[in-house]
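> one predicted model, sequence on top.
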Amino acid sequence: MIFLLSVLSLLVCQAVLSPISNDAIFQYVDDHKDEFVQRLKDWVAVESDSSDPTKRDLVNNMMQITKDFILKLGGSVEMAEVGEQELQSGKKIPLPPVILAEIGNDTNKPTVCFYGHVDVQPANKADGWLTEPYTLVEKDGNLYGRGSSDDKGQVLALLHAVEAVNTIGLPVNVKFIIEGMEEVGSNGLDKLVEEKKDTFLSNVDYIVVTDTPWLSKKPGITYGARGNCYFFIEVQGARRDLHSGGFGGTVYEAMSDLIYLLDTLVDAKGHIRIPGIYDGVVPLTEKEIKLYKDLEFKLDELQADTGVTRFLHDTKEELLMYRWRYPSLSIHGIEGAFSGSGTKTVIPAKVIGKFSIRQVPNMNPSVVEKQVVDYLESKFSERKSPNKMKVSMIIGAKPWLADMNEPQYVAARKAVKRVFNTDADMIRAGGTIPIAKNFEEVLKKSVMLLGIGGPDDAPHGQNEKISMYNYIEGTKLYASFLQELASQKAP
C-alpha cells in the first residue's frame with residue numbers, strides 16, 4: 001500500500017511538471033492575451049510618476065490597483081508603511097506603502113520572492129513622444145506607453161504567469177515585494193527589508209527581480225551589476241559671482257579649477273587615472289572570456305540604436321567587458337555654471353562638478369572614496385590655487401555578482417530553453433541595482449534578475465515600449481520558471 005501511494009505521488013509530481021501541463025498553461029496565456037493587454041492598458045493609464053509629489057495620489061492608486069489584482073489571484077496582501085518623505089519646502093507627505101503579498105504557504109515547497117515596482121519616470125508628449133505616453137498604443141508588434149516595460153509590463157507578466165500556473169496549482173510558494181518609489185531611490189525599502197527579514201521574508205529561499213532588459217532579442221538572465229560611487233567636487237572662489245569684464249585675468253577662477261580637476265580623472269580611451277582604482281578588480285579568466293564570446297550582441301545594431309559612430313572598443317567582447325566587468329568613470333555635469341541660452345559673462349563664485357565611478361567586484365566604495373579624495377586633493381595642490389576645494393561621495397552603492405550555478409539559475413535556464421527553444425544569454429548589467437545587493441546582504445539568499453524587457457525598449461526615454469512577443473512569451477517564461485524551480489533541490 002505504501003509503495004502504491006509513493007508511485008501515485010511520483011506520478012502526480014510528474015504530471016504537474018510535465019510538458020502536457022506546461023502546454024495547457026501556455027494555451028491559457030494565449031487564450032487570455034487580449035485580457036492581459038487590456039490590463040496593461042489600464043495600468044499604463046495611471047500616471048504613477050513618483051518624482052512628482054503632486055501625483056502621489058496616483059502612485060497610491062496604482063498600489064491599490066496592484067493589491068486588488070493580487071487579492072483576485074487568491075493572495076494575501078499587507079500594505080506596509082515605510083514612513084514619510086520631506087519635500088524641499090519642508091512639508092512632509094506619506095511615502096506610498098510597499099506591497100508584501102504571498103500566495104501559498106506549504107512548508108514542503110520552496111518559496112520564491114519576486115520584486116518589482118509600479119511607479120514610472122516622468123513623461124510628456126512634448127518631450128518627443130509619438131503617442132500619448134499614458135495611453136497604451138499597439139503598433140508594429142509593440143506596446144507603447146510609459147511603464148510598459150519599466151516595470152508595469154514585467155510585473156503584470158509575472159502576475160499573469162501566477163494566474164496561469166495556478167489553474168493547475170502552484171508548485172512553489174510565491175511572495176511579492178512591489179513598491180512605488182523605485183524611480184527615485186526606493187525610499188524606505190532597505191529599512192523595510194531589514195525589519196521583515198525575520199517575519200515575512202524568513203522562509204524565502206530565492207529572490208527574483210523582474211525589472212531588467214535582455215542584451216539582444218535573445219532571452220537573457222542577469223547575474224551581476226556594477227555598483228556606483230557618485231561624487232561632488234565643490235570649488236569656492238570669491239564671495240559672490242564676478243563680472244568677467246572687471247575681474248577676468250585677475251582672479252583664480254573656480255570654474256577653471258574645476259574643469260582642470262575633471263580633466264585629470266580619465267583619459268581619452270576611458271582609462272581612469274586615479275592610482276590604485278583597478279587594484280580591486282577581479283582578474284579575468286578564460287572561462288569568462290568564453291562566456292562573452294558566446295553572447296548574442298552586434299556592435300552595428302548598438303551604433304544604429306544610439307547614433308554613436310565609434311565606440312572606445314572594437315570588439316563585442318571588449319565592449320561588453322568594459323560595460324559590465326570593468327570600472328568606468330563618467331562626468332555628468334556642473335552645478336553653478338551658466339547653462340541658459342544667450343550670453344552671460346559671469347565668473348561663478350562657486351561651482352560643483354558631478355561624476356560617478358561604476359565599480360565592480362571586488363572594489364569597495366569606502367576604498368574608492370579615499371582613492372578619489374586623495375587623488376583630487378593632490379592634483380588641486382599641484383595647481384596652487386587659493387580657492388577652496390571639497391570632495392564628497394554622495395552615493396556608495398556596492399556591486400553585485402551571483403553564482404550562475406545556484407538552483408534558481410538552473411531553473412531559469414531550463415525555462416528559457418522550454419519557452420524559446422534556445423539557451424539563455426548569461427549577462428550582467430552595467431548600471432547599478434542596489435536592491436539586489438541589499439537582498440543578498442540582509443537575507444543571505446540567492447538573488448537573480450529575470451526580466452523580459454527588450455534591448456530597445458527605451459525605459460526612461462521617449463516612446464517607451466515592450467514588444468507583444470516579450471510580453472506574452474515572457475509570461476510563459478515566468479510560468480515555466482515557477483514549475484522548473486519546484487524540481488530543483490532546495491538551497
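It's in.
> so where's the stretch 101-250 of the chain uncertain?
Low-confidence segments of the stretch 101-250 of the chain (pLDDT under 70): none present.
> quick one: the strands in the stretch 351-491 of the chain?
All strands of the stretch 351-491 of the chain, identified by DSSP state E, counting those that start in this stretch, fall at 388-397, 400-401, 425-429, 446-449, 465-467.
> swap that for the stretch 51-200 of the chain, please
76-80, 84-86, 92-94, 98-103, 111-117, 137-139, 142-144, 173-179.
> for the third one, packing partners?
It stands for strand 92-94. Under the contact criterion of 3 or more C-beta pairs under 8 Å, 6 or more residues apart in numbering; DSSP states H and E, strand 92-94 touches strand 84-86. No exception for glycine: its C-beta is placed from N, CA and C like everyone else's.
> partner strands of the strand it packs on and their direction?
Paired strands of strand 84-86, with direction, are strand 92-94 (antiparallel) (DSSP bridges).
> can you give me the buried ones in the partner strand?
Using 16 or more other C-beta atoms under 10 Å as the test for burial, strand 92-94 gives no buried residues.
> and stretch 54-73, by the same measure?
Result for stretch 54-73 [16+ other C-beta under 10 Å]: buried residues Lys55, Arg56, Leu58, Val59, Asn60, Asn61, Met62, Met63, Thr66, Lys67, Phe69, Ile70.
> how about residues contacting it?
39, 42-43, 46-50, 77, 79, 93-94, 96-97, 99, 101, 103, 118-119, 155, 159, 162-163, 166, 176, 178, 180-181 (C-beta atoms under 8 Å, 6 or more residues apart in numbering).
> sorry, back to before: nearest to Ile472, out of the strands of the stretch 51-200 of the chain?
Smallest distance to Ile472 across these (C-beta to C-beta): 10.2 Å, for strand 142-144.
> parallel or antiparallel, list what pairs with that closest one.
strand 137-139 (antiparallel), strand 465-467 (antiparallel).
> next one: the last one to chain centre, how far?
The chain centre lies 17 Å from the centre of strand 465-467; the measure is C-alpha atoms, centre = their mean, to the nearest Å.
> equivalent analysis for the first one, please.
Between the mean C-alpha point of strand 137-139 and the mean C-alpha point of its chain there is a distance of 25 Å (C-alpha atoms, centre = their mean).
> out of the strands paired with strand 142-144, deepest packed?
Neighbour counts (mean count of other C-beta atoms under 10 Å) averaged over each of the strands paired with strand 142-144 peak at strand 465-467, with a mean of 26.
> so for that one, mean pLDDT?
For strand 465-467, the mean per-residue pLDDT is 98.
> any residues touching that strand, and which ones?
The contact list for strand 465-467 (C-beta under 8 Å, 6+ apart) reads 141-145, 148-149, 153-154, 452-454, 457-458.
> check which helix or strand covers Gly270.
Using DSSP states H and E, Gly270 sits within no helix or strand.
> nearest spatial neighbour of it, chain-adjacent residues omitted?
Leu312 (4.8 Å; C-beta to C-beta, 6 or more residues apart in numbering).
> same deal with Phe380?
Met389 is the one closest to Phe380 (C-beta to C-beta, 6+ apart), at 4.7 Å.
> is that neighbour in a bridge, and if so with what?
Beta-bridge partners of Met389, as defined by DSSP bridges: Val235.
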